[in-house]
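[1] my questions concern the predicted model and sequence given below.
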Amino acid sequence: MRVTKIEGEVALQPLAIPLYLSRVAAGFPSPADDYIEESIDLNKHVIKRPAATYFARANGDSMTGMGIFDGDLLVVDRSKTAVTGSVVIAVMNGELVCKVLDKERRLLRSANSRYPALAVLDDVECSIEGVVTHALRYLDVRAG
């Protein structure tokens, strides 16, 4: 999966949006509660370290097994330590990729069995650009 890094300063303007007390049924519907538990600021919820955070746009389907789909907006934290199992943004031979890190085997793995792992060999230029902390998806429902 290729990613496009979105440059620019992350502006953290507080934005309180209602968070409902009851969870939304994704199976059988239940009566809705009219109670708002609190307000939630997505900046505080999604961005822990603003100075170390950037966004990237996912491109492709190699990470669908991790719930990352083509077009998703990825929140990436440069200050987090990447460990085996982390979803990372890496630069490999000059190209940004989103993969699962396997430090012990020196691999960047896809989360889709149709794609092979990428070996990080001594002659391969590779650097970790950050750990993906969230994938935000726009759901576009089009009638007819």
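    The structure has been received and is ready for your questions. Residues are numbered from 1 along each chain as shown.
[2] where in the protein is pLDDT low?
    1-38, 140-144 (pLDDT under 70).
[3] list of residues touching the longest strand anywhere in it?
    Counting residues, the longest strand found in the chain (DSSP state E) is strand 126-136. Strand 126-136 has contacts (C-beta atoms under 8 Å, 6 or more residues apart in numbering) with 5, 46, 48, 52, 54, 56, 58, 66-69, 72-78, 80-82, 86-93, 96, 98, 101, 108, 120. From N, CA and C alone the C-beta is placed, and that goes for glycine too.
[4] give me the sheet partners of it and which way each runs.
    strand 73-77 (antiparallel), strand 87-92 (antiparallel) (DSSP bridges).
[5] for the shortest one, list the C-alpha coordinates in CSV.
    Okay, so that is strand 73-77. C-alpha atoms of strand 73-77 as CSV (Å, rounded to 0.1, in the frame of the first residue of the first chain):
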residue,chain,number,x,y,z
LEU,A,73,-6.8,9.0,6.2
LEU,A,74,-4.0,7.7,8.4
VAL,A,75,-3.0,9.5,11.6
VAL,A,76,0.8,8.9,12.0
ASP,A,77,2.8,9.6,15.2
